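Trainee: here is a sequence with its predicted model. Questions after.
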Amino acid sequence: MRELVRFFRQRTRVVGALGQPIIFWILFGAGLHGSFKPPGWAPEEMGYQEYFFPGVTVLIVLFTAIFSTISIIEDRREGFLQGVLVSPASRTSLVLGKLCGGTALAVMQAGLFLIIGPVLTYVGLVPTMNYEVSAMGVLASVGFLTLLAFALTGLGYAIAWPMDSTQGYHAVMSVVLLPMWLLSGAFFPGGESRWLSVVVRLNPLTYGVAGLRRLMDARLLESEAAGLPSLAMCLAVTGLFCAASVGVSVYLTGRQTSQDAR
């Protein structure tokens with residue numbers, strides 16, 4: 001509840017978490033549309049905006065996770081976190097409350113983008129996308145986004161917890177979180193580079209983006225789409241990623257960080 005109240009009191013966060021990815025989608029799509037070659041698993045008529053659409057959705061989830069977990073550092077500096085830690089509430093409830101709040105915000109903003117995207121297509125700002133969408137596909141996509149948002153918020157929590165400066169968190173974001181998104185197949189295919197394709201396969205976020213692609217487009221959900229991870233693999237890897245992120249967050253929160261001076 002505290003995360004939701006804080007968000008609605010800081011409405012400029014919507015600009016950072018939603019506005020920038022939309023600008024990326026429009027500008028990069030316009031610039032790369034002519035030179036984009038669909039990967040082997042994609043339908044021949046797929047354009048770059050259509051390819052980039054699931055990646056931008058995941059980027060919104062990632063930005064929301066970053067913005068919601070960076071407040072851990074601010075709460076520690078202001079003394080609020082220390083007050084929560086000495087309260088009767090368990091530390092696991094502290095972690096789950098933070099992660100549930102960040103996940104709710106991420107899914108809400110990503111869902112808003114999924115509505116805005118077709119509107120921008122309708123008014124002509126981006127080319128027409130040829131997605132084949134069903135009601136079950138929409139519900140499954142929201143469910144998968146919730147799992148992925150929980151995993152990314154847990155990762156952001158685990159990174160933010162041991163830090164004492166927002167500058168350090170931004171540095172980690174620049175060298176870890178954003179490259180993790182770039183190397184997930186969200187922005188460009190793995191290509192023919194052998195080492196790059198290996199890195200893409202080892203990146204857990206790759207399976208989050210691929211799973212969302214399959215669920216958002218019935219053409220990919222029903223086909224083999226060689227080169228694109230199967231939906232079962234995407235669910236398994238994303239679930240393990242989520243469990244690992246939450247587990248590390250609970251461990252870091254529960255461990256003793258200072259010795260008794262007596």
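Mentor: Thanks, I have the structure now.

Trainee: surely Gln49 is in contact with Trp25?
Mentor: Yes. Between Gln49 and Trp25 a contact is recorded at 6.7 Å, counting by Cβ atoms under 8 Å. Quick note: C-beta positions are derived from backbone N, CA and C, even for glycine.

Trainee: show me what the helix or strand hosting His170 is packed up against.
Mentor: Assessed by DSSP states H and E, His170 sits inside helix 166-172. In terms of contact count using 3 or more Cβ pairs under 8 Å, 6 or more residues apart in numbering; DSSP states H and E, helix 166-172 is assigned the packing partners helix 71-78, helix 135-160.

Trainee: got any ranges where the protein has weak pLDDT?
Mentor: Along the chain, the parts satisfying pLDDT under 70 run over 11, 13, 16-17, 122-132, 191-193, 222-226, 256-262.

Trainee: could I get the buried residue list for the longest helix seen in it?
Mentor: Longest helix in the chain, counting residues (DSSP state H): helix 91-122. Judged by neighbour count (16 or more other Cβ atoms under 10 Å), helix 91-122 contains these buried residues: 91, 94-96, 98-99, 101-107, 109-111, 113-114, 117, 120-121.

Trainee: deepest-packed of the helices and strands packed on helix 166-172, please.
Mentor: helix 135-160 (a mean of 22; mean count of other Cβ atoms under 10 Å).

Trainee: between that one and helix 71-78, how many degrees?
Mentor: 40 degrees (axes from the mean of the first three to the mean of the last three Cα atoms, to 10 degrees).

Trainee: quick one: helix 135-160 to chain centroid distance?
Mentor: Centroid separation for helix 135-160 versus its chain: 7 Å, with Cα atoms, centre = their mean, to the nearest Å.

Trainee: quick one: list the elements packing against it.
Mentor: helix 48-69, helix 71-78, helix 91-122, helix 166-172, helix 204-216, helix 231-254.

Trainee: just how off-centre is the third one within its chain?
Mentor: If you compare the mean C-alpha spot of helix 91-122 with that of the full chain, they lie 9 Å apart, counting by Cα atoms, centre = their mean.

Trainee: stretch 74-81 too?
Mentor: How far stretch 74-81 lies from its chain's middle: 25 Å, per Cα atoms, centre = their mean.

Trainee: ok, residues contacting it?
Mentor: Residues outside stretch 74-81 that contact it (Cβ atoms under 8 Å, 6 or more residues apart in numbering) are Ile72, Gln82, Val84, Asp164, Thr166.

Trainee: show me which of those residues is closest to Leu235.
Mentor: Nearest to Leu235 out of the contacts of stretch 74-81 is Ile72 (Cβ to Cβ; 28.7 Å).

Trainee: give me the distance between the two termini of stretch 171-181.
Mentor: One end of stretch 171-181 sits 15 Å from the other (Cα to Cα, to the nearest Å).

Trainee: name the residues of that stretch that are buried.
Mentor: Met173, Leu177, Met180, Trp181.

Trainee: what are the contacting residues of whatever helix or strand the last one lives in?
Mentor: When elements are assigned from DSSP H and E, Trp181 belongs to helix 178-182. Contact partners of helix 178-182, identified using Cβ under 8 Å, 6+ apart, comprise Gly55, Val58, Leu59, Leu62, Phe187, Phe188, Asn203, Leu205.

Trainee: next one: Ala160 from Gly254, what distance?
Mentor: Separation of Ala160 from Gly254 (Cβ to Cβ, to the nearest Å) stands at 16 Å.

Trainee: I figured Pro189 was touching Met46, is that so?
Mentor: No. Shown here, Pro189 and Met46 do not form a contact pair, counting by Cβ under 8 Å, at 11.0 Å.

Trainee: coming back round to it: could I get the contacts of stretch 74-81 as JSON lines with distance to Thr238?
Mentor: Listed next are those as JSON lines, based on distance: Cβ to Cβ, whole Å:
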{"residue": "Ile72", "distance to Thr238": "23"}
{"residue": "Gln82", "distance to Thr238": "34"}
{"residue": "Val84", "distance to Thr238": "29"}
{"residue": "Asp164", "distance to Thr238": "31"}
{"residue": "Thr166", "distance to Thr238": "28"}
